[in-house]
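Chemist: Quick check, what structure comes out for this input:
(one chain, ligands or ions: 2)
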Amino acid sequence: MAKPSAPVLFFNSLSKKIENFTPIDPERVRLYSCGPTVYNFAHLGNLRAYVFTDSLRRMLNWKGYPVNHVINITDVGHLTSDSDTGDDKMEAAAHKAQKTIWDVARFYTEAFWSDLKNLNIFNPTIWSIATDHIEDMIAFARKIEEAGFTYQLDSGLYFDTSRLKEYGLLAGHREAEGVGRIETVAGKKHPADFALWRRSSPDEKRQMEWISPWGPGAPGWHLECSVMSMKYLGEQFDIHTGGIDHREIHHCNEIAQNQAFTGDQQKTGANFWLHNNFLVDRSGKMSKSKGSFLTLSTLIEAGIHPLAYRVLCLSAHYRSELEFSPDNILAALTRLKRLVIAVGQLKKKVQKKVVADGEPDWLRAFDERSFSKGAPLDYQRGLIEAPLKKEALAILERFDQAVSNDLMLPQALPLLEETLGNKKLQPEEQLRLIASMDMILGLNLLHLDRASLNIRPKNASLQENNVLALLEERQLKRKEKDFAASDAIRNRLSEAGIDVLDGDPLGWEWRPEWNA
Ligand SMILES: Nc1ncnc2c1ncn2[C@@H]1O[C@H](COP(=O)(O)OP(=O)(O)OP(=O)(O)O)[C@@H](O)[C@H]1O
Ligand SMILES: [Zn+2]
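Modeler: Ligands and ions are numbered 1, 2, ... in the order given. Got it, this is the predicted structure:
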């Protein structure tokens, strides 16, 4: 366990209060995050949810806790509406693409994993795939049925929410706006009741179908998260995460299922329920159902490094809305570039001073591969932080307080710049501080270099070396005071999607132009 430090506090959606976090078992924090429905590419909003869970897990590891993290992949059962109406998202996507659901699921799961890698998000301890757990789901639903919490309709097996003393705790109460909004299915006793099993109708031809005691069909979407979280993390675990759109229905239903299954209406599945707010753009919540949406590939194709999006996410607290705009993402890219260039300069100074050849040991300890399995980071922190003196420790303490206080990353992030600008610190101390903080921020600052950040926009009609040659020519014209020629070059670059930055103190002379 790391040395005494700020207590970890989280806003718990269950109590709607900030609470002190103590793990059920200090030897292993158990964390479950609702995963994506793999019927399309993840949009930037979806990815915000996973930057959040990754930061959460990194913070817990940094604080000395080992973390057992499970994320599911929903490849079955999710309808276009969170209640039990609308099309099955996976079936509809497969029909449209004229592919099998399995092919669609595999394709978008891999695309999702690739996005996570580009965002420097660690793999969880377990990826649990919904369709690998159908037998478990049937057994779980049977137990709920035997306990008398269900009723059957032609369309399937339904959960009777009136059997619970307190359904909808997360949403506020039973008739809370979210719960009351649910559209109804014919025969349901209460609008909030939900399907545990959706029976295929005789005239329906579904690609994904399993035999069950309630006829052929597919599990209701909410079932998988109860089943897989309990299977891998136990009946009551530490933290459950998801976007706030899951708070009113999906998570209320998970809790209802957990309580019916265990027979204990005090149990809530997880002690802490944490919800990230939305990424929004001018038209509101970024959403797949809107048709066109932004993905990480959209950014990369525009010449924007994916970690600029991580910087953007870190700049807002996870419980606040975050606005996406071309200006915001380009500002985040500039911030990332400035950090990378400054850390690169620092690294050169340190390497020259400490050893003539090769990296010092503590820098080698900063290898993300060695801490990507959910293990605590005590050993790495020990090596990195051991020689820090008062001034540096004071910054580290402020960083600790920010990250421990309900993951206040927008307060933690500027401490990078503060460290880099602090003249009282030795370069080595600065670099050690950055290394420690980046274990949570995940910006890969010690390994990125300036060249890797200059991604040429896909549509740019110029090659990288042409850009540089034109920039040099422009500098020459400016020196010769031939401003007409220099402006002409600027315009030419602009037409090619390149925005020239004059007077950039770090000498990063261009950035992609982008108008989404
Ligand atoms: N705009 C957003 N901002 C932040 N998180 C979001 C946003 N939209 C969805 N999420 C979260 O992304 C995660 C993955 O969601 P999932 O793949 O089920 O999305 P979806 O419901 O298909 O997407 P959409 O809501 O766009 O149709 C969930 O935790 C969800 O709450
Ligand atoms: Zn879920």
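
Chemist: distance between the ends of stretch 258-273?
Modeler: Chord length of stretch 258-273, first to last residue, is 14 Å (C-alpha to C-alpha, to the nearest Å).

Chemist: what comes up buried for that stretch?
Modeler: Residues of stretch 258-273 classed as buried by neighbour count (16 or more other C-beta atoms under 10 Å): 258-262, 265, 268-273. Bear in mind the C-beta positions are built from the backbone N, C-alpha and C, glycine included.

Chemist: mind checking how far Leu493 is from Gln236?
Modeler: 59 Å (C-beta to C-beta, to the nearest Å).

Chemist: Which one's more surrounded, the two?
Modeler: Between Leu493 and Gln236, counting by other C-beta atoms under 10 Å, Leu493 is the more crowded of the two (22 against 17).

Chemist: check contacts around the residue in the stretch 101-250 of the chain that ligand 2 sits nearest to.
Modeler: Taking C-beta to the ion, ligand 2 has its nearest neighbour within the stretch 101-250 of the chain at Cys225, 3.3 Å off. Cys225 makes contact with 32, 34, 72, 250, 254, according to C-beta atoms under 8 Å, 6 or more residues apart in numbering.

Chemist: what do you get for Arg511?
Modeler: When contacts are counted by C-beta under 8 Å, 6+ apart, Arg511 is found next to 303, 330, 333-334, 337, 498-499, 501.

Chemist: List phi and psi for it.
Modeler: Main-chain torsions, Arg511, degrees, to the nearest 10: phi -150, psi 160.

Chemist: ok, what's across the strand from it?
Modeler: When bridges are called by DSSP bridges, Arg511 pairs up with Asp499.

Chemist: any idea how far it is from Trp210?
Modeler: 51 Å.

Chemist: go on, Leu307?
Modeler: Using C-beta to C-beta, we find Leu307 at a distance of 41 Å from Trp210.

Chemist: Show me the contacts of Cys225 that map onto helices.
Modeler: 250, 254 (DSSP state H).

Chemist: nearest to ligand 1, of the contacts of Cys225?
Modeler: Within the contacts of Cys225, distances to ligand 1 taken as C-beta to the nearest ligand atom reach their minimum at Cys34, with 4.8 Å.

Chemist: Filter the contacts of Arg511 down to the buried ones.
Modeler: Buried by 16+ other C-beta under 10 Å: 303, 330, 333-334, 337, 498, out of those.

Chemist: can you redo these as TSV with secondary structure?
Modeler: Output for the buried ones among the contacts of Arg511, formatted as TSV (DSSP: H, G, I helix; E, B strand; the rest coil):
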residue	secondary structure
Gly303	coil
Leu330	helix
Leu333	helix
Thr334	helix
Lys337	helix
Ile498	strand
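
Chemist: Against ligand 2, which of these make the cut? List them.
Modeler: Among these, none lies close to ligand 2 by the criterion of C-beta under 5 Å from the ion.

Chemist: State the pLDDT value of the residue in the chain positioned nearest to ligand 1.
Modeler: The minimum distance from the chain to ligand 1, using C-beta to the nearest ligand atom, falls at Gly243 (2.0 Å). Per-residue pLDDT puts Gly243 at 97.

Chemist: Would you quantify the distance from the residue lying closest to it once chain neighbours are set aside to Asn277?
Modeler: Sequence neighbours aside, Ala49 is the residue nearest to Gly243 in space, at 5.0 Å (criterion: C-beta to C-beta, 6 or more residues apart in numbering). Counting by C-beta to C-beta, the gap from Ala49 to Asn277 is 10 Å.

Chemist: Pretty sure the residue of the chain closest to ligand 1 sits against Phe278.
Modeler: Yes. Using C-beta atoms under 8 Å, Gly243 makes contact with Phe278 at a distance of 6.9 Å.

Chemist: list the residues that contact both of those two?
Modeler: Gly45.

Chemist: State the number of residues packed around the nearest residue to Glu301 once chain neighbours are set aside.
Modeler: Nearest non-adjacent residue to Glu301, counting by C-beta to C-beta, 6+ apart: Lys458, 4.0 Å away. Neighbour count of Lys458, defined by other C-beta under 10 Å: 13.

Chemist: does Lys458 count as helix, strand or coil?
Modeler: coil.

Chemist: quick one: it from ligand 2, how far?
Modeler: Going from Lys458 to ligand 2 by C-beta to the ion, to the nearest Å gives 34 Å.

Chemist: Just confirm that residue contacts Ala302, I think it does.
Modeler: Yes. In this structure Lys458 lies within contact range of Ala302 using C-beta under 8 Å: 7.5 Å.

Chemist: which residue sits closest to Asn253 in space, ignoring its chain neighbours?
Modeler: Distances taken as C-beta to C-beta, 6+ apart place His222 nearest to Asn253, at 3.9 Å, with adjacent residues excluded.

Chemist: separation between the one you found and Phe194?
Modeler: In terms of C-beta to C-beta, His222 sits 6 Å off from Phe194.

Chemist: quick one: common contacting residues for the two?
Modeler: 249, 253.

Chemist: Ile121 is in contact with Asn444, correct?
Modeler: No. In this structure Asn444 lies outside contact range of Ile121 using C-beta under 8 Å: 11.4 Å.

Chemist: tell me the secondary structure for Leu170?
Modeler: coil.

Chemist: Likewise for Asn328?
Modeler: helix.

Chemist: Just give the nearest non-adjacent residue to it, would you?
Modeler: Closest to Asn328 by C-beta to C-beta, 6+ apart is Leu312, at 6.0 Å.

Chemist: The one you found falls within a helix, correct?
Modeler: Yes. Leu312: assigned to a helix according to three-state DSSP.

Chemist: show me the contacts for it.
Modeler: So Leu312 contacts 322, 324, 328-329, 332 (C-beta under 8 Å, 6+ apart).

Chemist: what about 7 Å?
Modeler: 328-329, 332 (C-beta atoms under 7 Å, 6 or more residues apart in numbering).

Chemist: What about Arg478, how many residues nearby?
Modeler: Quick note: Arg478 (other C-beta under 10 Å) scores 16 neighbours.

Chemist: go on, Asn328?
Modeler: Neighbour count for Asn328, taken as other C-beta under 10 Å: 16.

Chemist: ok, which stretches of the stretch 1-150 of the chain are helices?
Modeler: Using DSSP state H, counting those that start in this stretch, the helices of the stretch 1-150 of the chain run over 44-62, 89-97, 101-118, 134-146.

Chemist: do the third one and ligand 1 meet at all?
Modeler: No. For helix 101-118 and ligand 1, the contact criterion (C-beta under 6 Å from any ligand atom) is not met; the two come no nearer than 8.6 Å.

Chemist: What parts of this structure come near ligand 1?
Modeler: Residues of the chain lying near ligand 1 (C-beta under 6 Å from any ligand atom): 34, 36-37, 43, 45-46, 48-49, 242-243, 245-246, 276, 278-279, 285-289.

Chemist: low-scoring stretches of this protein, by residue?
Modeler: By pLDDT under 70, the weakly predicted segments of the chain are 1-4, 77-86, 173-184, 353-360, 365-372, 462, 464-465, 504-509, 515-516.
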